[in-house]
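Novice: based on what follows, work out the 3D shape:
(4 chains)
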2 protein chains.
Amino acid sequence: MNAKQQAKYEARAKITKALAHPTRLFIVEELSKRDRRCVCELTEMIGADMSTVSRHLALLKGAGIIEDEKQGSMVFYRLRMGCVLKFFDCIESVLARNAESQRQLLRG
Amino acid sequence: MNAKQQAKYEARAKITKALAHPTRLFIVEELSKRDRRCVCELTEMIGADMSTVSRHLALLKGAGIIEDEKQGSMVFYRLRMGCVLKFFDCIESVLARNAESQRQLLRG
DNA sequence: TGCACATTTGGCTAAATTGACAAATCACAG
DNA sequence: CTGTGATTTGTCAATTTAGCCAAATGTGCA
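Specialist: Have a look, this model is predicted:
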């Protein structure tokens, strides 16, 4: 694999990695349902330390998946990757298929 | 977030994490172009130690993204997640948009 | 049986990721 | 200016991940 190819896959991996965490997937899905949310709301829903949530948000923002909008002392985040919903469908289809394979194996 | 929700996002994260690596993204894309490939071919293309490639493959298989097929002493891998192609398109659109934002910033 | 080839696994080290706490910022009201 | 609430950042320990070498396993052939 040459340098150019390498760079291409690293760029893709940056985005994929940003998504690769339960909390971040939750945030992305939540922002796909509700136009925008402030850090405090997300923190409340997630139930982790606010500093932790803030770091997850910064990571997603760094990848260009979400964007922030300051309003007074609050910061709202908004999804910037509408197509991610199709990705969730795709993941769910894999999960469903995996579950099905599992059943097949048990049945013999 | 309750336990059920938690489990849901962890299941999704397992798949997303499995994709979150340049080499694994390369493998997935390669398998989307060419029906199947043996470990040796992929190793050749990637240019890493075969044991490393084998581990990446095992991870993808563990997530249900690819499946293996033994033939003699060789093992072929095949994609099991056709929808992943749309995901790549989605990622590319984010990358394009990020690049565009970058340009805007530079221009002022 | 014994050799050669393809692949996986053990073991290990280096690097990256995660999460909590405390401290620093920042915006705003008084 | 000072205090308060919202958010980010510094720091650090614990965990996970990545990649290599060597060794083990599995398959087919002489």
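Novice: does stretch A:91-102 reach chain B?
Specialist: Yes: interface with chain B: stretch A:91-102 contributes A:Ile91, A:Glu92, A:Ser93, A:Val94, A:Leu95, A:Arg97, A:Asn98, A:Ser101 (C-beta under 8 Å from any C-beta of the partner chain). C-betas here are computed from N, CA, C, even on glycine.
Novice: just these now: which is nearest DNA strand D?
Specialist: A:Ile91 (16.4 Å; C-beta to the nearest atom of the strand).
Novice: who's in contact with the closest one?
Specialist: Going by C-beta atoms under 8 Å, 6 or more residues apart in numbering or on different chains, A:Ile91 touches B:Arg12, B:Ile15, B:Thr16.
Novice: for the worst-scoring helix or strand of chain A on mean pLDDT, list every residue counted as buried.
Specialist: For chain A, using mean pLDDT, DSSP states H and E, the weakest element among its helices and strands is helix A:84-107, scoring a mean of 92. For helix A:84-107, burial by neighbour count (16 or more other C-beta atoms under 10 Å in any protein chain shown) applies to A:Val84, A:Phe87, A:Phe88, A:Cys90, A:Ile91, A:Val94, A:Leu95, A:Asn98.
Novice: what's near enough to touch the first one?
Specialist: By that I understand A:Val84. Counted by C-beta under 8 Å, 6+ apart, A:Val84 has contacts A:Leu19, A:Val28, A:Ser32, A:Ile65, B:Cys90.
Novice: so what's the residue count around A:Ser73?
Specialist: For A:Ser73, the count of nearby residues is 6 (other C-beta atoms under 10 Å in any protein chain shown).
Novice: still on that earlier bit, tell me how far the least confident helix or strand of chain A is from the chain's mean position?
Specialist: On the basis of C-alpha atoms, centre = their mean, to the nearest Å, helix A:84-107 sits 19 Å off its chain's mean C-alpha point.
Novice: what parts of chain A come near DNA strand C?
Specialist: Where chain A comes near DNA strand C, counting by C-beta under 7 Å from any atom of the strand, the residues are A:17, A:20-21, A:23, A:48-49, A:51-52, A:55-56, A:59, A:70, A:72-73.
Novice: rewinding a little: and the contacts of A:Val84, which is closest to DNA strand C?
Specialist: A:Leu19 (9.8 Å).
Novice: show me the helices in chain A, by range?
Specialist: With DSSP state H, the ranges of helices along chain A come out as A:3-19, A:22-33, A:39-46, A:50-62, A:84-107.
Novice: and the gap between the closest residue to A:Lys14 other than its chain neighbours and B:Ala20?
Specialist: Nearest residue to A:Lys14, sequence neighbours excluded (C-beta to C-beta, 6 or more residues apart in numbering or on different chains): A:Ala63, at 5.7 Å. A:Ala63 sits at a distance of 11 Å from B:Ala20 (criterion: C-beta to C-beta, to the nearest Å).
Novice: I am finished for the moment; much appreciated.
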